[in-house]
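> heads up, no residue letters with this:
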């Protein structure tokens, strides 16, 4: 009998497509700037290096965060680092903004991360891991009460899931 392997972590299923989109946008930007400069007969090696640097910066700005989760943890990797929180030891959950919203999670070990709640809405497995961790935090007493922000997000995700099921079944 083989020992069971730990489950693979849940990840953002749309991340690769978002990376391709960011790369395409940066490539189009770089190509267009080089072509315009070349057509104006002002393209020099220094200017080409500048356009390449700006193209790289555009890609870094457009590159989405990579969100993964497993039992008791959630990790966000961006171009400037990696942040992990223990979801079963959360002490604070805050939701800021309406148009450009972000969710801030802090755990009892002093770790903090920010993520876009739309990632959780689009990925039910990530949401399940976070929700399970929040419930454990509530049971253990590290999170004093179920935050209103998380309750609203939970209802929003349930609504989106119900709409998706209705669309898939042809009812709506």
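Great, that's in hand. Quantities reported herein were computed from a predicted structural model and do not represent experimental measurements. Numbering: from 1, shown residues only.

> top helix in the protein by residue count?
helix 15-39 (DSSP state H).

> for it, name the packing helices and strands.
Contact analysis of helix 15-39 by 3 or more CB pairs under 8 Å, 6 or more residues apart in numbering; DSSP states H and E lists helix 45-62 as its packing neighbours. Glycine gets a C-beta too; all of them are placed from N, C-alpha and C.

> next secondary structure after the helix it packs on?
Going down the chain from helix 45-62, the next helix or strand is strand 66-70, by DSSP states H and E.

> so the helix or strand following that next one versus strand 66-70, what angle?
Downstream of strand 66-70, the next assigned helix or strand under DSSP H and E is strand 73-78. What separates the directions of strand 73-78 and strand 66-70 is an angle of 170 degrees, with axes from the mean of the first three to the mean of the last three CA atoms, to 10 degrees.

> name the element the residue sitting furthest away from the middle of the chain belongs to?
No residue in the chain sits farther from the centre than residue 41, which is 42.0 Å out by CA atoms, centre = their mean. Using DSSP H and E, residue 41 sits in no helix or strand.

> picking that back up, which residues touch the longest helix of the chain?
Contacts to helix 15-39, defined as CB atoms under 8 Å, 6 or more residues apart in numbering, come from residues 43, 47-48, 51-52, 54-56, 58-59, 62-64, 66-67.

> ok, stretch 72-85 next?
Taking contacts as CB under 8 Å, 6+ apart, the residues outside stretch 72-85 that touch it are 60, 63, 65-69, 86-88, 105-107, 111-115, 126, 129-130, 133, 136.

> hang on, residue 104 is in a strand, isn't it?
Yes. Per DSSP: H, G, I helix; E, B strand; the rest coil, residue 104 lies within a strand segment.
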